[in-house]
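**Student:** I would like to see how this sequence folds:
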Amino acid sequence: MGNKALLNEAEIIAYLNRVMDSTFARFIMKKLSQPKSISKSLAIYAGVEEAEGVKEKVHAKVVATAIEKGAAALGVEPPAIKNFLKDPYIRKGFSVIIRGIAEYGITKPQRLSAPFLVVWNFTKECNLRCKHCYACATPHPAPDELTLEEKMEVVDQLDEAGVAAISFSGGEPLMNKHLLPVAEHASSRGFYLSVATNGTLITPKMAKRMKNAGIRYAEVSIDGPTAEIHDAFRGVKGAFDRTIAGLKNAKDAGLTVGIATTATHHNIDVMAEMLELGRMLQVDRIIVFSFVPTGRGREIVKEDLGPEEREDLMNYLYREWQKGDMQIVTTSPCYARISLSNALRNAGAKISPTHFAELDLPAEYLEGAKALTEFIGGCGAGRIYCSVEHNGDIQPCVFMPIKLGNVLKDGFQNVWDNSEVLLELRDRNKSDYACSSCPYRYICGGCRARAYAYYGDIKAPDPGCIMQKAEWDKIINRERRIYNEEKVR
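**Tutor:** Residues are numbered from 1 along each chain as shown. Predicted structure coming up:
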């Protein structure tokens, strides 16, 4: 854990895998059935809250014993753990994972009692016209967008479920007048808050307001290292300069900042320049999104990368990541396989066991890296995270437009626990699951959103995976046949 100020979801799960490796610990934690009960015990242990009665003191003592046992196994001193647990986000993260392990035992990948992260597509409203927009955003909010009161109810339900982090997305969330009041409410409940934004509206004043509202991280979308490339993809001339200014304003206000870029044929040849732009701007991370042909993205499906192109890109990103000046990750679950293979060959000590996360393993723990990445599990759709839409509808992933239910009508926890689609996504051993015979099925699992986009089936192959090159070839041949038939007509 070193001197890091914050643990990410992968590190928390890895640590708690060791903490909960005890039948007794799991039994006691299951007795603390509500996430807030576990969180309270952690707060008492960290010294930020007082125990109310003997029962809470006993629970806190049991939790402390389990936590310190796990810390000793990793060579971490108890004061360091206590310091981490002073952050309510860390307590929430510990709670949801402890509860999952207590309820379901150690599973591959690990099943959680609630998502670690919810991506909330806060509004359909946007000031750009991006070619790949999964939300089919418009210049105006949707008529069925939630009221402020309803949005506060969504926050309350996510809090009750034990969700640790919320990422506000859209559309462009900064266009919505409810964003900052809702963020303030969520921050008061201890959530880690981030915003996925095109950056054009982050003035110095707005950046300070975001910071004051409790938003910690701004992920700014940039799809090319120059105005010409970026603006062509984003549909508005001048967007690039405003986006760069917005990112700088966010950084100046003290927010953690990152660049999000979607890898397509539009920008694959300038990916090195994208990384250099990130270094020049001194961003904390670059996250390279896999293109998913959904929403408006269906109209540019030919921009998608083939398996070899994707494999080369991920190996390049991994090598650049090892330079250590910024975090470089990708939403492609195949990156878990790439990073693990490189780590085991001593080509680097960092692995990315799920999308948007990194784990820096000491050399003595590299032998256990495979078991750890299987535990964390690659594609997180419906397992580690899910999405909430502008109207409260729940989806497995922002790129997977399958309505599972509605927060206000069906209850968030009810949908998370009982949705047949989510239960399917958590089972990688079913015979009809395309990756069931793959040795990396627990580590990667394939992008379920891409499978759904190409085949309409969440258990179908991810045609961007090098292991599924034959599937990609079928798609290409089919497209060529359709093109030739249309040409004859």
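
**Student:** in the stretch 151-300 of the chain, which spans are strands?
**Tutor:** Listed in chain order, the strands of the stretch 151-300 of the chain (DSSP state E, counting those that start in this stretch) span 165-169, 192-197, 215-221, 256-263, 285-290.

**Student:** whoops, the stretch 1-150 of the chain was the one
**Tutor:** Going by DSSP E, counting those that start in this stretch, the stretch 1-150 of the chain shows strands at 117-121.

**Student:** returning to that earlier point: let's have the strands of the stretch 151-300 of the chain in TSV, adding mean pLDDT, distance to Lys61 and mean neighbour count.
**Tutor:** Backbone N, C-alpha and C define where each C-beta goes, glycine included. Output for the strands of the stretch 151-300 of the chain, formatted as TSV (pLDDT from 0 to 100; distance: least, CB to CB, whole Å; neighbours: other CB atoms under 10 Å):
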stretch	mean pLDDT	distance to Lys61	mean neighbour count
strand 165-169	98	28	24
strand 192-197	98	27	24
strand 215-221	98	32	24
strand 256-263	98	35	23
strand 285-290	96	38	22
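
**Student:** reformat those strands as a markdown table; add distance to Ala183.
**Tutor:** Listed next are the strands of the stretch 151-300 of the chain as a markdown table, based on distance: least, CB to CB, whole Å:
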| stretch | distance to Ala183 |
| --- | --- |
| strand 165-169 | 7 |
| strand 192-197 | 6 |
| strand 215-221 | 6 |
| strand 256-263 | 15 |
| strand 285-290 | 21 |
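
**Student:** wait, which of those strands is closest to Met274?
**Tutor:** strand 256-263 (5.6 Å; CB to CB).

**Student:** re the thing from before, do you know which of the strands of the stretch 151-300 of the chain lies nearest Ile466?
**Tutor:** strand 285-290 (13.3 Å).

**Student:** after the closest one comes which helix or strand?
**Tutor:** Beyond strand 285-290 on the C-terminal side, the first helix or strand identified by DSSP states H and E is helix 307-321.

**Student:** out of the strands of the stretch 151-300 of the chain, which is closest to Ala80?
**Tutor:** strand 192-197 (19.2 Å).

**Student:** quick one on the thing from earlier: nearest to Val407, of the strands of the stretch 151-300 of the chain?
**Tutor:** Going by CB to CB, the one of the strands of the stretch 151-300 of the chain nearest Val407 is strand 165-169, 12.5 Å.

**Student:** got the CA coordinates for the closest one in PDB?
**Tutor:** The C-alpha coordinates for strand 165-169 follow below in PDB (Å, rounded to 0.1, in the frame of the first residue of the first chain):
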ATOM      1  CA  ALA A 165     -18.500   5.500  -5.300                       C
ATOM      2  CA  ILE A 166     -20.700   7.400  -7.800                       C
ATOM      3  CA  SER A 167     -19.500   8.700 -11.200                       C
ATOM      4  CA  PHE A 168     -21.700  11.300 -12.700                       C
ATOM      5  CA  SER A 169     -21.900  11.000 -16.400                       C
END
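
**Student:** centre of the chain versus that strand, how much separation?
**Tutor:** Centre-to-centre, strand 165-169 and its host chain are 9 Å apart (CA atoms, centre = their mean, to the nearest Å).

**Student:** same question, stretch 138-149
**Tutor:** Relative to the mean C-alpha coordinate of its chain, stretch 138-149 is positioned 24 Å out (CA atoms, centre = their mean).

**Student:** list the buried ones in that stretch?
**Tutor:** Going by neighbour count (16 or more other CB atoms under 10 Å), the buried part of stretch 138-149 is Pro141, Ala142, Glu145, Leu146.

**Student:** now do stretch 303-323
**Tutor:** In stretch 303-323, the ones that count as buried by 16+ other CB under 10 Å are 303-307, 310-311, 313-315, 317-318, 320-321.

**Student:** what would these look like in CSV with distance to Asp87?
**Tutor:** Formatted as CSV, the buried residues of stretch 303-323 follow (distance: CB to CB, whole Å):
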residue, distance to Asp87
Glu303, 40
Asp304, 39
Leu305, 37
Gly306, 42
Pro307, 40
Arg310, 36
Glu311, 37
Leu313, 34
Met314, 31
Asn315, 35
Leu317, 29
Tyr318, 29
Glu320, 30
Trp321, 25
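
**Student:** so Glu50 makes contact with Ile44?
**Tutor:** Yes: contact criterion CB atoms under 8 Å: Glu50 and Ile44 qualify, at 7.0 Å.

**Student:** now the helices for the stretch 1-150 of the chain?
**Tutor:** 9-19, 23-31, 35-46, 54-73, 78-84, 88-104, 148-161 (DSSP state H, counting those that start in this stretch).

**Student:** ok, back up a step: just the buried residues of stretch 303-323 now: which is nearest Glu184?
**Tutor:** Of all the buried residues of stretch 303-323, Glu184 sits closest to Trp321, with 34.4 Å by CB to CB.

**Student:** hmm, Ile351 and the closest one touching each other?
**Tutor:** No: under the criterion of CB under 8 Å, Trp321 is not in contact with Ile351, lying 10.1 Å apart.

**Student:** what residues are shared contacts of these two?
**Tutor:** Here Trp321 and Ile351 have Glu358 as joint contacts, going by CB atoms under 8 Å, 6 or more residues apart in numbering.

**Student:** how close does Arg426 get to Phe168?
**Tutor:** 26 Å (CB to CB, to the nearest Å).

**Student:** my bad, should have said Val118
**Tutor:** From Val118 to Phe168 the distance is 10 Å (CB to CB).

**Student:** which sections of the stretch 51-200 of the chain are below the confidence cut-off?
**Tutor:** 70-76 (pLDDT under 70).

**Student:** surely Ala196 is in contact with Gly258?
**Tutor:** No: Ala196 lies out of contact with Gly258 (CB under 8 Å); the separation is 9.5 Å.

**Student:** joint contacts of those two?
**Tutor:** Taking CB under 8 Å, 6+ apart as the criterion, Ala196 and Gly258 both touch Glu219.

**Student:** near the residue lying closest to Lys430 once chain neighbours are set aside, how many other residues are there?
**Tutor:** Leaving aside its sequence neighbours, Lys430 sits nearest to Ser436 (CB to CB, 6 or more residues apart in numbering; 6.2 Å). Residues contacting Ser436 under the criterion other CB atoms under 10 Å number 13.

**Student:** so which helix or strand takes in Ser436?
**Tutor:** Going by DSSP H and E, Ser436 is not part of any helix or strand.

**Student:** who's in contact with it?
**Tutor:** With CB under 8 Å, 6+ apart, Ser436 has these contacts: Arg428, Asn429, Lys430.

**Student:** any figure for the gap between it and Gly445?
**Tutor:** Going from Ser436 to Gly445 by CB to CB gives 10 Å.

**Student:** please identify the helix or strand for Val415.
**Tutor:** Going by DSSP H and E, Val415 is part of helix 412-418.

**Student:** buried set for the helix or strand immediately after that helix in the chain?
**Tutor:** Sequence-wise, the next helix or strand downstream of helix 412-418 (DSSP H and E) is helix 420-425. For helix 420-425, a neighbour-count test (16+ other CB under 10 Å) marks Val421, Leu422, Glu424, Leu425 as buried.

**Student:** with only the CA atoms kept, save helix 420-425 in PDB.
**Tutor:** Provided in PDB are the C-alpha atoms of helix 420-425 (Å, rounded to 0.1, in the frame of the first residue of the first chain):
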ATOM      1  CA  GLU A 420     -31.800 -12.600 -13.900                       C
ATOM      2  CA  VAL A 421     -29.500 -10.600 -16.200                       C
ATOM      3  CA  LEU A 422     -27.100  -9.700 -13.400                       C
ATOM      4  CA  LEU A 423     -27.100 -13.300 -12.100                       C
ATOM      5  CA  GLU A 424     -26.200 -14.500 -15.600                       C
ATOM      6  CA  LEU A 425     -23.300 -11.900 -15.800                       C
END
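
**Student:** right, I'll leave it there.
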